[in-house]
Every structure is written in structure tokens, then in C-alpha cells.
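K.L.:
give me the fold of what follows.
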Amino acid sequence: MKIKTATFVISAAKTEQFLSGGLAEIAFAGRSNVGKSSLLNSLLNRKQLAMTSGTPGKTRLINFFLINEAFHFVDLPGYGFARVSKQMKEQWGQLIEAYLAQRQELRLVVQLVDLRHLPTADDLALYKWLIHFNRPTVIVGTKADKISRGNRAKHINQIRTGLGLGPDGPVIPYSAKTGEGKEALWKMIAQYLA
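P.N.:
Here you go, the predicted structure:
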């Protein structure tokens, strides 16, 4: 996909701030520090459109980006070990749940899982939740450049097993550093935008 324009539109702190207008949306979800902002920037050939940080849990709102004036990328707050209060985590949870359960414009959820590690309980809970609500989902294993080619299949199988995808469940290995997986992910996204 050729990216002509990619602009930040709004950070939504409550459901009333979600965009209207009916454009298709592709949402990105994953635990804190999984490399969501890096992946978004890499997909869009931008350096700092989605803000990256060494501090997990930087994305605390639902961020909407307009791509090619035609569809939206939606960056959901990371879950997991972000250093925030329990109350803040609960607010995030309600906001994310409202978005995922009710959003008519949502075409695909890209769930990011760190390829180096077993899926966490939170990863599994989100995946089960998405399946329960019939949300089309693609699993992307981030930080693929940190795993040798020889060990790649083992790590992909760990994700398949941990999420219960079955032996052929698709997992796209992705590296924001090298661009590996970028074409495969765009192909998948394009199918859901068609």
C-alpha cells in the first residue's frame, strides 16, 4: 500500500469522542511495551507519528490516525504492566471494551504479541474476547529481528499454542527495524479494507 498521507486526528478519553463519519478502522492492540507505536510508524513510513517511549503504558487514550484520507488506524492503550493506578487501568479497560464491542467501523484488530515470549494471560484474555465478539483478528509477533531464523518456528509455535490458534494458526513475524512482515501485514489489512 502506498501511503500518501497519515495524520493524527484525535485522542479519545471517552466514547463520545470516537470519530463519526463511517470510515473503516483497523485497530492495533497489545500489551504495554510490545512495540505497537514502532509497528505503526513502520507500517506508515513515519518516524514519530505514533509516539514511542521506553516507558510502558505511554498510550493512555484511544488514538485515531487518518490514512490516505480513506480509513483510520486506531491505536489502543497497551495492557499489562504499565505503571498506573488500578483505577486508571479499569478506566482504560472500559474504554477499550466499549470501542471493541460497539464500533461499527472496526474491520480488523491487529493483536501484537512479543515473539520472544510466551503469550501472557492478558494476551490470551484479549484474544478470547475478540473471538467471542466475532472480531476479525490477525496475530503479529513483534520484535522478530531479536530471534534468530533458526529459532523462529519454535517461537511462532509458542504463540500458536499459548493463544490456542492450532498448528496452522496464522502468525505474522514482524520487525519494525528491518521491515520484515510489513508486506504480509499490509496484504491482510487490504483484504479487510476492500
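K.L.:
show me what the longest strand belonging to the chain is packed against.
P.N.:
In terms of residue count, the longest strand belonging to the chain (DSSP state E) is strand 106-114. In terms of contact count using 3 or more CB pairs under 8 Å, 6 or more residues apart in numbering; DSSP states H and E, strand 106-114 is assigned the packing partners strand 25-30, helix 86-102, helix 121-132, strand 137-142, helix 182-193. The way it works is simple: take the backbone N, C-alpha and C, and place the C-beta from them, glycine included.
K.L.:
please identify the deepest-packed of those.
P.N.:
Most buried of those by mean neighbour count (mean count of other CB atoms under 10 Å) is strand 25-30; its value is a mean of 24.
K.L.:
between it and strand 137-142, how many degrees?
P.N.:
50 degrees (axes from the mean of the first three to the mean of the last three CA atoms, to 10 degrees).
K.L.:
need the next SSE after strand 25-30, C-terminal direction.
P.N.:
The helix or strand immediately downstream of strand 25-30 is helix 36-43, counting by DSSP states H and E.
K.L.:
sorry, back to before: average model confidence for the longest strand of the chain?
P.N.:
When pLDDT is averaged along strand 106-114, the result is 97.
K.L.:
now the residue sitting nearest the centre point of the chain: closest residue in space, sequence neighbours ignored.
P.N.:
In the chain, the centroid-proximal residue (CA atoms, centre = their mean) is Phe28; its distance is 2.3 Å. Counting by CB to CB, 6 or more residues apart in numbering, Phe28 lies nearest to Val110, which is 4.9 Å off, once chain neighbours are set aside.
K.L.:
what do you get for Glu105?
P.N.:
Excluding its sequence neighbours, the residue lying closest to Glu105 (CB to CB, 6+ apart) is Glu25, at 4.5 Å.
K.L.:
how about the contacts made by the one you found?
P.N.:
By CB atoms under 8 Å, 6 or more residues apart in numbering, the contact list for Glu25 reads 64, 71-74, 103, 105-107.
K.L.:
from Lys143, how far off is it?
P.N.:
Noted for Glu25: a distance of 25 Å to Lys143, by CB to CB, to the nearest Å.
K.L.:
how about Arg149?
P.N.:
Distance from Arg149 to Lys143, counting by CB to CB: 14 Å.
K.L.:
which of the two has more residues huddled nearby?
P.N.:
Shown here are Arg149 and Lys143; by other CB atoms under 10 Å, Lys143 has more neighbours (23 against 8).
K.L.:
that one contacts Ser175, correct?
P.N.:
Yes. Look at Lys143 against Ser175 with CB atoms under 8 Å: they come within range, at 6.9 Å.
K.L.:
can you report how many residues neighbour the residue nearest to Ala6 when sequence neighbours are not counted?
P.N.:
Using CB to CB, 6+ apart and skipping the chain neighbours, the partner closest in space to Ala6 is Leu44 (4.4 Å). The number of residues packed near Leu44 is 18, by other CB under 10 Å.
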